[in-house]
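1. just a sequence and a predicted model for now, questions to come.
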Amino acid sequence: MPRLTDISKLRNIGIMAHIDAGKTTTTERILFYSGYLHKIGAVDDGTAFMDYMEQEKERGITIMSAATTCFWKEHQINIIDTPGHVDFTAEVQRSLRVLDAAVAVFCGVGGVEPQSERVWHQADEFHVPRIAFVNKMDRVGADFYRVLDMMRDKLYAKPIALQIPIGSESTFKGIIDLVKMKALYFDAESYGWEIIEDEIPSDMAEIAEEFRNKLIEAAADIDDGIMEKFFSGEEISIDEIKSAIRNGTVNLLINPVFCGSSLKNTGVQPLMDSIIDYLPSPLEVKYFDGYDIKDSEIRIKRLPNDDEPFSALAFKILTDPFIGKLTFIRIYSGTLKVGQTIQNSSAEKKERLMKIMKIYANRREEIQEAYAGDIVAIPGLKFTRTGDTMCEMNHQLVYEKISFTEPVINQAIEARTLADQDKLIEALGKLSEEDPTFKSNYDGESGQLIISGVGELHLEIMVDRLNREFNIPCRVGKPQVSYRETISEFVEQDATFDRQMANKSQYGNAVITLEPSERGQGIIVENKLPKSKMPELLIKALELGVKEALNVGTQGYPMIDVKVSIIESNYLLESSTELGNKIAATTAVKDACRKAGTILLEPYFNVEVISPEEYVGDIISDINSRKGRIEGIEQRNILQVVKGVAPLSEMFGYVTKLRSLSQGRAVYTMTFSHYETANMKNYY
């Protein structure tokens, strides 16, 4: 079956922002105007099409990134609506990895908030072109021009206003299109369907001219032809401006900014036009290269073309109660057909495709073929995990995997009945497949099943899903912190292993040095062995022994920020073995750790609290009582922003305390910062 939409008319975009900036509401309006939805859903009522999980409806937030497809002016737009809560940034991260562009939604009142800052920098990392939409211009305190300043100051972005609002707060009634130099008003009775184009109001003429000149200057910096016309005073056409702005956006030189109020159906249709006008198709994006499966130094480039060999990246796994495991993939090149056998080059396994599905949030539509640039879901894949590469068996390559935040909060969990315990372990395995930042393991010392996540809400949602989706009622313990160990002094240590095992002599020797490395460096293993005839396998065994020894320190926690150098090993031609060397290296490291004495480290989080001024004193006092440090206070419109760092162990249940202190008016976000020496009297 031939491709229905030309790849040049395809847009793969993500909607990203801080929690409560209006991402899902904006997506709902896009689906409504494109004709996919005939009734507008509301996040607050739990009727939003994209928030289909029960937990999302109850809390009024997005938890799982939801994909859907719509059509606008002969273009196909694949949209992923991403979460805004900090506990679910992995959803944003893997979405940005496979998308071609993004729409960053900012609240007209809050502006650049902590999570919008975080996802913006994630988009920088993946070189994703972005446009911005300043939403909620009808809210009290909305200030479009302040948001532009915040984008420059906080995001180091290059915002160029292509629209400015007519009025703000209760007087907001439309927008000025600076490309056409026309005022646009949106008919309330037709839910904004009908757009009334008019002349710019006289009281707005001066500011419109000022921002129009800034727009032309930005276009002139990108396009030499516009620059010549600008200096010679010639007329610059709308098409020339659009072409220059598109070029600047695709090449990450500028970020066009639009405005409106999604809830009041104002400004969304021009935003949809801008997605088509300024964001790239798969043909215009600079993709990550693949690598040869045998030699990672050899790069392999695949073009977004149906005639190229098939290649795709699995970026999300979802457990569906009716279909089973669904694997979301982004096709970078070639085509995919039902019945085809493909290679999972990451796992070195073959997979057979029995179905291909197009996704509309929680609705599915079976298709027979998918093409370069498409985002589709495949049910029933046995071996594929998040981040795996899929390709043709005769044209293999591997794309770079997606790296995720390590979980920092642990919690003991058990099923309420013994009969459900096996079901619980199986369900936890499925949730871990879905979410790489959620892990579970059996603690041999305590005999407990431990789940790990990136935040309290994250673990709360997972336990709720076990109860509702898998029908496994669970009991959970108090959240625990993932501690780490390190050392503070230099130690040299040697160890020899020499035993008869299974009628075979096993011999190994290792001399190592152990020393602290800088915070945040992790584990560094250096081979400083003098040149000898020792086989490579024996050297690898020494390195493996060192790494395994650092998995658990003397106090029972993983080691970090440690440098181990292997400086010598006595090699006996007849006796030295891999096992002997590995055990010798492990013993040397363990003995060195005991000699050096390990220090317990605990995770510290950046805390940002946004509150009315009258509660700031109590909030600062409370953070100080939690062994936190205040690093600054700044004004954000009519609110105060308190910034600090605090140990995670002291922040459990903080949301309840903050609501009590501020009568429910303050909000906070926490993001992992670093590890610091633990205050021992907290633990004994």
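-> Looks like it arrived, so ask away. Keep in mind that what you see is a predicted model, and the values were worked out from it rather than measured. Residues are numbered from 1 along each chain as shown.
2. show me which helix or strand of this protein is least confident by mean pLDDT.
-> The weakest-scoring helix or strand in the chain, judged by mean pLDDT, DSSP states H and E, is helix 54-59 (a mean of 46).
3. burial count for the closest residue to L353 other than its chain neighbours?
-> Leaving aside its chain neighbours, L353 sits nearest to Q340 (5.3 Å; criterion: C-beta to C-beta, 6 or more residues apart in numbering). C-betas here are computed from N, CA, C, even on glycine. Close neighbours of Q340, defined as other C-beta atoms under 10 Å, add up to 15.
4. just S403 next, same as before
-> Neighbour tally, S403, other C-beta under 10 Å: 12.
5. and it, how far is that from N467?
-> For S403, the distance to N467 equals 31 Å [C-beta to C-beta, to the nearest Å].
6. wait, K154 touches V112, no?
-> Yes: between K154 and V112 a contact is recorded at 4.5 Å, counting by C-beta atoms under 8 Å.
7. of these two, which one has the most company?
-> Per other C-beta under 10 Å, whichever of K154 and V112 has more neighbours is V112, with 25 against 15.
8. identify the residues contacting that one.
-> F106, W120, V147, M150, M151, K154, L155 (C-beta atoms under 8 Å, 6 or more residues apart in numbering).
9. any idea of the pLDDT on the fifth one?
-> Predicted confidence (pLDDT) at M151: the value is 92.
10. helix or strand for it, which one?
-> helix 144-155 (DSSP states H and E).
11. on contacts alone, who are the packing partners of that helix?
-> In terms of contacts (3 or more C-beta pairs under 8 Å, 6 or more residues apart in numbering; DSSP states H and E), helix 144-155 is packed against helix 114-125, strand 130-135, strand 159-161, strand 255-259.
12. could you tell me the least trusted of those?
-> helix 114-125 (a mean of 79).
13. how far out from the middle of the chain is that helix?
-> In terms of C-alpha atoms, centre = their mean, to the nearest Å, the centre of helix 114-125 is set 9 Å apart from its chain centre.
14. now do the strands in the stretch 1-150 of the chain.
-> Remark: strands assigned in the stretch 1-150 of the chain by DSSP state E, counting those that start in this stretch are 10-16, 66-72, 75-81, 101-107, 130-135.
15. distance to P165 and mean neighbour count added to those, as CSV?
-> Converted to CSV, the strands of the stretch 1-150 of the chain look like this (distance: least, C-beta to C-beta, whole Å; neighbours: other C-beta atoms under 10 Å):
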stretch, distance to P165, mean neighbour count
strand 10-16, 20, 25
strand 66-72, 23, 21
strand 75-81, 24, 24
strand 101-107, 13, 26
strand 130-135, 8, 28
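16. which stretch in those is the model least sure about?
-> Looking at the strands of the stretch 1-150 of the chain, the bottom one is strand 66-72 with a mean of 82.
17. which other helices and strands contact that strand?
-> helix 23-33, strand 75-81, helix 268-278, strand 356-360.
18. single out the most deeply packed of these.
-> Among the helices and strands packed on strand 66-72, helix 23-33 has the highest mean neighbour count (mean count of other C-beta atoms under 10 Å), at a mean of 26.
19. coming back round to it: the strands of the stretch 1-150 of the chain: which one's closest to E297?
-> Proximity to E297 (C-beta to C-beta) singles out strand 10-16 among the strands of the stretch 1-150 of the chain, at 29.7 Å.
20. ok, residues contacting the closest one?
-> Contacts for strand 10-16 (C-beta under 8 Å, 6+ apart): 23-24, 26-27, 65, 75-82, 84, 92, 95-96, 98-105, 116, 119-120, 123, 128, 275-276, 279-282, 330, 373-375.
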